[in-house]
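**Q** Okay, predicted coordinates and the sequence, questions at the end:
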Amino acid sequence: MDMEGSVIPVAVSHGEGRVKFYDDSQFNQISSSDGISLRFVDHSMKITEKYPFNPNGSKSGVTGVTSLDGRANIMMPHPERVFRSITNSWHPKEWREDGPWLKMFRNARCYIN
């Protein structure tokens, strides 16, 4: 809820793992069904496959995929490491104590309840 279109910094602790599709038709099916939940973007907010903005070269910057029923999401970044502002190397003052990733965890809790 209220996170669509967000551009948020996140901790990445890998370079090997990336989304792999069997072929272009599988990618197109996931993409057309709104199954892509997260993508790497560059400083211009454009989807990228280039390092360092996309540290593993995932196709079309894909770093998160959601199941067709919306109940499961897999992702490569580590928002659990940066949900508090203090755990980010830099953050704007308006974040205060909570980082923007905390919203994802709160949304999950609301969904469960």
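**A** On my side now, so go ahead.

**Q** show me where the protein has strands.
**A** Counting by DSSP state E, the chain has these strands, from start to end: 36-39, 62-66, 73-75.

**Q** Now do the same contact list for the residue nearest the centre of the chain.
**A** Closest to where the C-alpha atoms of the chain average out (C-alpha atoms, centre = their mean) is residue 38, at 3.7 Å. Neighbour list for residue 38: 62-64, 75, 77 [criterion: C-beta atoms under 8 Å, 6 or more residues apart in numbering]. No exception for glycine: its C-beta is placed from N, CA and C like everyone else's.

**Q** how about a cut-off of 10 Å?
**A** Shown in contact with residue 38 (C-beta atoms under 10 Å, 6 or more residues apart in numbering): 6, 8, 10, 19, 61-66, 73-77, 79.

**Q** Next, count neighbours for residue 7.
**A** Residues near residue 7, counting by other C-beta atoms under 10 Å, number 8.

**Q** can you check residue 100 too?
**A** Using other C-beta under 10 Å: residue 100 sits among 19 other residues.

**Q** do residue 12 as well
**A** Residues near residue 12, counting by other C-beta under 10 Å: 18.

**Q** and if you look at residue 24?
**A** 10.
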